[in-house]
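Q: generate a structure from the sequence data that follows.
(chains A and B)
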Amino acid sequence: MSTFFKLEVKDTDLLSCIQSFLQSLLSSGKMDALLVPGHLPMNNNVMPTLISDPEHLNHADPLAPSFPVNAAKIASRLTRQPSGQTIGLVLRPCEIRAFVELIKLKQGTLDDIVLISLDCLGAYTNKDYAAFSKDDPIGATKAFVEHVLDQKQSEKDLMAPACRVCEYPVSGQADIRIGLYGMEWKNQIAVETGTTKGEDVLEALSLEKITEPSARKQVVEKLISERISLRDKMFEETSQATSSIEKLSSYLSRCVNCYNCRVACPVCYCRECVFVTDVFDHDPYQYLKWARHKGEIKMPTDTIFFHLTRMAHIGLTCVGCGQCSNACPNDIPLMELFRTTAHNVQKAFEYEPGRQVEEPIPLSVFEVEEYEDVVGIARHSG
Amino acid sequence: MRKKIGTAMVVGAGISGIRSALDLAESGYQVTLVDKAPHIGGILSQLDYQFPNDRCGMCKMLPLIERDASSQYCLRKGLFHENIQTILSAKLTAVEGEPGNFTATIEQTPGCIDPGLCIGCAECAAVCPVEVPDAFNMNLSTRKAVYLPVPHNIPNTYVVDLTHCTRCGECLKACPTGAIKFPEERRKDFHILVVDDELIVRDSLKEWLDDEGFSVNMADSGASALKMLSENDYQLMLTDIKMPGMDGVELMKQAQQDHPGLTIVMMTAYATVETAIEAMKAGALDYLLKPFDPGTFTPKILEIYQAMDVTETRDIQTHALIISTGTGSFDPVQSKNTFGYGIYPDVVTSREFERILSGTGPCQGKIQRRSDQEEIKKIAWFQCVGSRDLQIKADFCSSVCCMHAVKEARLAVEKYGGNDKQGLETAIFYMDMRAFGKTFHQYRQEAEDKYHVRFERSRIHSVVEELKTGGLRISYLDEKGNRKEEHFDMIVLSTGQKARPDSGELAKMLDLDLNPWGFCLPQPFSTSRSSMEGIFLGGSFTGMTDISESVIQAGSAALDASRFIHSKGGSLSAEPSDEPVIYRDVSRELPQVLVMICACSQVGFPDLDEALLKKDLIKDPAVSDVVFKENACTASGWDDLVDTARTSSANRIIIGACLPYAYTKKVRELALKINLHPSLIHVTDIRTLSHNNTASSNGPDITAHMKAQIKRGLSKVKRMDPPEQFSIPSVQKALIVGGGIAGMAAAAAIADHGFEVNLIEQSEKPGGNLKWIPRTIDGQDVSAFLKEMQVQIEKNPLINVHTQSSVISSFGHPGHFITTIQNMETDAPQTFEHGAAIIATGGSEAKTSSYGHGQSPAVVTHKELDEGLKEGTLDPTNLETVVMIQCVDSREASKKNYCSRICCISSLKHALNLKEKNPEMDIYIFYRDIMAYGFFETYYTQARQKDIIFIQYDLQNKPEVEVEDSRVAISAIEPILNQRIEIHPDLLVLATGISPALPDELADHFGVRKDTFGFFEEADAKWRPVDALKEGVFACGLCHSPRNITETIASAQASAQRALRILGSSRLNKSSNVATVHQSLCSLCERCIEACPYHARFIDPDTKKVAVDPIMCQGCGACAAVCPNSASSLADFKDQQVFDMIDSIF
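A: Residues are numbered from 1 along each chain as shown, chains lettered A, B, ... in the order given. Take a look at the predicted model:
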């Protein structure tokens, strides 16, 4: 049973409210540093920053619709070996979910970590955010918050495709959740304990306990159901667009093997990708042999193979954060393709990535009886 | 692979023979494996799926240590091991000499097709005009007279069935390689004497036999026949019975005296059939019924000729023999009630049904009514056909049919029952469902619950065909004695064992004892020791067992043979040293492949464009040269090839030839000669065409075909890294936990091979349960046997017994474990190093509080009964009525949900003993299913004959027991009377079953898993029955599964045998195909560790990196499959190799 505490919003300045809450967390002595998105002093770009001085939290901005990297990988980097200190990680729900998957893959740990999550308002693509925030980043954040929480329709909705179809706007795994949906956000918001670890931290802050804001549940449920119907439409369209190997080739034809998507992907965890090892270091003789065999081959080769391999590797763990699309220099709608594939794989194994650290990734579990239609005795058909 | 001077011959290459042969071969003995069939595998070659997992898995029997010495593919297809010579289509005909120095005579029947030339192209079968029933498919389909005996065999050489072959010669013309040659010439040397007083008979017989190519002479009377016999050598005499003067029988008797090698066949009219049968008893082979016609006469003579015709007789010197020739199967036609078998096509035997289910079977795995091809909706199984039947003198249980039927029913439902498994109705009609193995009861329950198989305790009356609707109507008596009728589409008869007709002959030749039913009788407390020294028994030659028990007994037989050979000095090494060879280091050289293609002048490839092939292959910069050779299979051809390899600087070699599996040994020799590791030398098959390949060996496509084949080999060899040569020292000592009979038998077995054993026992003295069991059901003195074993253990200087001790820690890997024990009295710890461990912690009679146990001295368990009788507190003469209840707390969902296997036999033993001591005593036994498996059935029969009353109960109607002071009352429903009865016995005996004693801690120390019942979990219940999944750890006795004393000893010897494979060498060599980790790529996600089924991977505590134990790794590739960036890879299957291979195909 979670407990809610009140955070007062002064002058409708939600960002300041959150900044001062984060300051109180860092000053409480419960944690030694906070990882939080913040405006970089030199050019106002938003990037994850690791802050140990509470003063520096005055340019933290977890509300900005900027999502340059999925910080799960950074979280993994911070926790692969024990640091002896406690870190608070302010992450989006999809970042937490990816981090949970990385923990299962022994790439990180929850020891000495407090997971803090805001209700996710979504984000723009890197290009769109740069254009949107150019003159006044703080004002841009404010405008964005109003746009989302007051559902003000602007002429052009810049929301990234991944965020539009995301059915996880609220984190299920955070130790501390900062609620935004279904609140009187201009006056007050609520912060909620997700775990006993979070409770331990929040109880020490002497905040005022309140009951769960009454509208919240309904608002969140409605949001999720809208997103799911958009998502399913997206699945349908993407399936259609990639239903044959020819269509898939065409879908991916702009790929230049830059591997940006793989670098951006939070659950692509290999130290070195197999595609840059000598496995794919073909002999010149080989290329010529293929060319001779087929009359013509596209260069670079192995582009579809690369994406199919990635699909096989991350199908179960893909959290749908959309960083692959964000990173693609040639605007290939990779998120749509990967989420669609991943959804089917995850459904088949009744697996939901990021749901729980204790839930094993299906491929590491041996079931004697599983997929009898594939591996069992051939049934007589007809 | 180490080689010892010891040799063994295993007769019979069924599953048991294969296991024994592999066990001995892995220990380094040279083994000759003989089978009379043209293939290995026995019955199992016909069975596709086995319970409990309804799959195959026979390959799990392949060697785990020194894997390179053996073929590593489907064992049903074939087995090639360095130390095993397989002789097929052959028979053991004589054994001379003395134990430890036998000369065994093997006669091999002729084949017309040269296996060296046959490429399996099937051209011969396509043109063959003869269609005959296919025995592989239990005669449910037909084959040609030239055919493949087993469709999936390797090598798959066609065979000519000379009995049915018409000699039309079409196949000779069709064969592209000239592989077929008929043995007609030999028939001229087969002399037949026809004796008949009627000229017309003589003339026509001579004409028919001349046509077949035999040498025939005629005699018109007994006297002239005898004269001719003395003048010339004859192999066969056909003689009429009724002749003037000397009659046929008299002639036979005289001829037999003077010419003992002569085969005699009587010819008779119907009137003298009785005489003919008498003549057969006196030594005639057979009789032929007049009048003759060539259609029946000629095949009969040909059959006789085939049986006698031998091309090759070999004498093989061997230290020991294992006889595992198997069992025959009952023919329902011989039954008193045939259930319509042989008349109604929809009545089949269980073996036939196995073929019907098979994808390679007569129906390609589809089932339909054989009578009218209608859909099958209902199938019935009838149990005990040919078993448990006094009328046909089959007073035994065939042990396997119950589970066989359950498996078949489950498979049928799985295959044809649809997703909800409701689409096919199955019913098993049985007397007792003998699911007596550890997991069998659970498997049976699943059949009921998940597969909706109906189990009907009943007696079948009759089967008749439904003329209007098709299908069959059966009539049976149900449990309560009511007569019922039911319709089925198919009936499967669970036919049991029947001693093979030649078992008697074999037993006579080897001087072995047979039991009353014609099966071989092993020595007391052994499944494998025969009455003859140096000759051991395996498999169903001693009665049918399921696969797992058969594999265990085969291991036990191998152990006995090995122990015997060792005692005769056969363990000495044949090679001076088992230090590994160091090959030339080519790891830093670019691959340079020398391709040598055998262009085979014997057959020739006239259409092969050598220049084009060479031009194409040499394009690959890794190919240094392509040369064409002749006759690599001959000695001179091979020498030439070796010379070329020697002068070449290439660091990889491909040999394009036929029959690559035949080259394993040659490749190793070549490797030594040119100092190049054998895994860098690859033989690729350029001859055998796949079945779907339309290219004939001489067509225009031959160049392309050969190119593709060589490129496939090239892809493997080119990217092959020279394997790291690695071996670890092995500690040649064993540690055995548990000093019951299992531990003692295993210790003795290992110590008898000269290796030290530490035997850890928690009590004050070894002996375990044998301390309280006085006798077995067959009257063997257990106490005396125990004493003998205890003395043997005490006297053996190699066995160190540590009593009152228990294991407190153990770790390590095969070849090197470190185990610490603690003495419970002194607390003193002691640490041992050992190469293998055997867990034999046993079990005990389960405790109970059911049925008033503990409330009255009149309610006892089996053990308490034995103790009471021994101490005299129970006097049989004072007991008027005794009741026994079986399955106490057993075979119930929330209790011990397994059958303890020994309790029914125990109760029968006690009941018969009590009855003997006090014939007036009334004995009632309440049972669910009497598990009198195998030859124990006869004691069940005896018990019933002695008026011991058996009352069946089920879980819904358990007997109710009331105890008041010393008075016990039992009330139960008697199912046949369908009335409640009440008995007031003087004694109530409870069969409480067995509880295993395998503490969790101990299991953890040795990396052993326990099953849901607390018994040891086998690496594989069928194929590796005494192995833990962790190599080097084995189990036997009651902690493994419920078993009687003899079965316990068999399991102990089998586990000792498994341990000896490891203990036999001072160093263990890494096999070439093992997994490795590229540390620079590894992300330490540990998925490979989770995926490894052999516990071969771990995080090295020092380096904090993933490490692989190369001895435990079995090269299965699970780690490589889960690793996303190939940081984990398998030596012979690296990504580049596999990509290249795919490329070479498409």
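
Q: in the stretch 101-250 of chain A, what residue is nearest chain B?
A: Going by CB to the nearest CB, chain B is nearest to A:Leu105 of the stretch 101-250 of chain A, at 4.2 Å. Any C-beta I mention is one placed from the backbone N, CA and C, and that applies to glycine too.

Q: enumerate every residue touching B:Phe1139.
A: A:Val279 (CB atoms under 8 Å, 6 or more residues apart in numbering or on different chains).

Q: chain B versus the residue nearest to the spatial centre of chain A, what's the distance?
A: Ranked by distance to the mean C-alpha position of chain A (CA atoms, centre = their mean), the top residue is A:Cys94 at 2.9 Å. Going from A:Cys94 to chain B by CB to the nearest CB, to the nearest Å gives 21 Å.

Q: right, and that residue touches A:Cys120 too?
A: Yes. Using CB atoms under 8 Å, A:Cys94 is in contact with A:Cys120, at 7.4 Å.

Q: what do these two both touch?
A: A:166, A:168.

Q: SS state for the closest residue in space to the residue of the stretch 101-250 of chain A closest to chain B that isn't next to it in sequence?
A: Closest residue in space to A:Leu105, ignoring its immediate chain neighbours: B:Cys1085 at 4.2 Å, by CB to CB, 6 or more residues apart in numbering or on different chains. Judged by DSSP: H, G, I helix; E, B strand; the rest coil, the three-state class of B:Cys1085 is coil.

Q: contacts only, for B:Cys1085.
A: By CB under 8 Å, 6+ apart, the contact set of B:Cys1085 is A:105-107, A:269.

Q: can you pick the most crowded of those residues?
A: With neighbours set by other CB atoms under 10 Å in any protein chain shown, the maximum within those is found at A:Tyr269, which has 24 neighbours.

Q: tell me the secondary structure for that one?
A: coil.

Q: tell me the mean pLDDT over stretch A:38-53?
A: In this model, stretch A:38-53 has a mean pLDDT of 90.

Q: for A:Gly108, what is the enclosing helix or strand?
A: Using DSSP states H and E, A:Gly108 sits within no helix or strand.

Q: buried residues, stretch B:498-517. List them.
A: B:498-500, B:503, B:506-507, B:510, B:512, B:514 (16 or more other CB atoms under 10 Å in any protein chain shown).

Q: again with stretch A:101-112
A: Of the residues in stretch A:101-112, those buried (16+ other CB under 10 Å) are A:101-110.

Q: got it, and stretch B:320-332?
A: Those buried within stretch B:320-332 under the rule 16+ other CB under 10 Å are B:320-327, B:329-330, B:332.

Q: who's B:Tyr924 bridged to?
A: In this structure, B:Tyr924 bridges to B:Val883, B:Ile949 when assessed by DSSP bridges.

Q: least trustworthy helix or strand in chain B by mean pLDDT?
A: The weakest-scoring helix or strand in chain B, judged by mean pLDDT, DSSP states H and E, is helix B:184-188 (a mean of 75).

Q: packing partners for the longest helix along chain B?
A: If each helix of chain B is counted by residues according to DSSP state H, the longest one is helix B:547-567. Under the contact criterion of 3 or more CB pairs under 8 Å, 6 or more residues apart in numbering or on different chains; DSSP states H and E, helix B:547-567 touches strand B:7-11, helix B:15-26, strand B:320-323, strand B:535-537, helix B:1045-1063.

Q: for it, C-alpha coordinates in CSV please.
A: Output in CSV follows, covering the C-alpha atoms of helix B:547-567 (Å, rounded to 0.1, in the frame of the first residue of the first chain):
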residue,chain,number,x,y,z
ILE,B,547,15.1,-49.4,-21.7
SER,B,548,16.4,-47.8,-18.6
GLU,B,549,16.7,-51.2,-16.7
SER,B,550,18.2,-52.7,-19.9
VAL,B,551,20.8,-50.0,-20.0
ILE,B,552,21.6,-50.5,-16.4
GLN,B,553,21.9,-54.2,-16.8
ALA,B,554,24.1,-53.7,-19.9
GLY,B,555,26.4,-51.5,-17.8
SER,B,556,26.5,-54.2,-15.1
ALA,B,557,27.3,-56.8,-17.7
ALA,B,558,30.1,-54.6,-19.1
LEU,B,559,31.4,-54.2,-15.6
ASP,B,560,31.5,-58.0,-15.0
ALA,B,561,33.2,-58.5,-18.3
SER,B,562,35.7,-55.8,-17.6
ARG,B,563,36.4,-57.2,-14.1
PHE,B,564,36.9,-60.6,-15.6
ILE,B,565,39.2,-59.3,-18.4
HIS,B,566,41.1,-57.3,-15.9
SER,B,567,41.7,-60.4,-13.7
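
Q: contact partners of stretch B:94-109?
A: Contacts for stretch B:94-109 (CB under 8 Å, 6+ apart): B:9, B:32, B:34, B:87, B:89-93, B:306, B:309-321, B:509-510, B:532-535, B:564-565, B:567-568, B:570.

Q: all helices for the stretch 1-150 of chain B, in order.
A: Along the stretch 1-150 of chain B, counting by DSSP state H, counting those that start in this stretch, helices occupy B:15-26, B:123-127.

Q: any of the contacts of stretch B:94-109 buried? List them.
A: Buried among these (16+ other CB under 10 Å): B:9, B:32, B:34, B:87, B:89-92, B:309-310, B:316, B:318-321, B:510, B:532, B:534-535, B:564-565, B:570.

Q: hang on, the earlier thing: quick check, nearest of the buried residues of stretch B:498-517 to chain A?
A: B:Lys498 (30.1 Å).

Q: which residues does that closest one bridge with?
A: Here B:Lys498, judged by DSSP bridges, has bridge partners B:Gly328.

Q: who touches it in this structure?
A: B:327-331, B:386, B:394, B:518.

Q: quick check: the farthest pair among those residues?
A: B:Asp331 and B:Gly518 (14.7 Å; CB to CB).

Q: burial count for residue 339?
A: In the absence of a named chain, this looks at chain A. 26.

Q: right idea, wrong chain: chain B
A: 21.

Q: then the one 4 residues further on?
A: By other CB under 10 Å, the residues close to B:Ile343 number 11.

Q: now name the helix or strand holding it.
A: Here B:Ile343 is assigned to no helix or strand, by DSSP H and E.

Q: that one and B:Asp639: what is the separation?
A: 63 Å (CB to CB, to the nearest Å).

Q: ditto for B:Ser907
A: 70 Å.

Q: neighbour count for those two, which is higher?
A: B:Ser907 (28 against 11).

Q: the more buried one belongs to a helix?
A: Yes. B:Ser907 sits within a helix when classified using three-state DSSP.

Q: adding pLDDT, write the buried residues of stretch A:101-112 out as a markdown table.
A: Converted to a markdown table, the buried residues of stretch A:101-112 look like this (pLDDT from 0 to 100):
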| residue | pLDDT |
| --- | --- |
| A:Glu101 | 97 |
| A:Leu102 | 97 |
| A:Ile103 | 96 |
| A:Lys104 | 95 |
| A:Leu105 | 95 |
| A:Lys106 | 94 |
| A:Gln107 | 96 |
| A:Gly108 | 95 |
| A:Thr109 | 95 |
| A:Leu110 | 95 |
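
Q: CSV please, covering those and showing distance to A:Ser249.
A: Formatted as CSV, the buried residues of stretch A:101-112 follow (distance: CB to CB, whole Å):
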residue, distance to A:Ser249
A:Glu101, 29
A:Leu102, 32
A:Ile103, 36
A:Lys104, 33
A:Leu105, 31
A:Lys106, 36
A:Gln107, 33
A:Gly108, 36
A:Thr109, 41
A:Leu110, 42
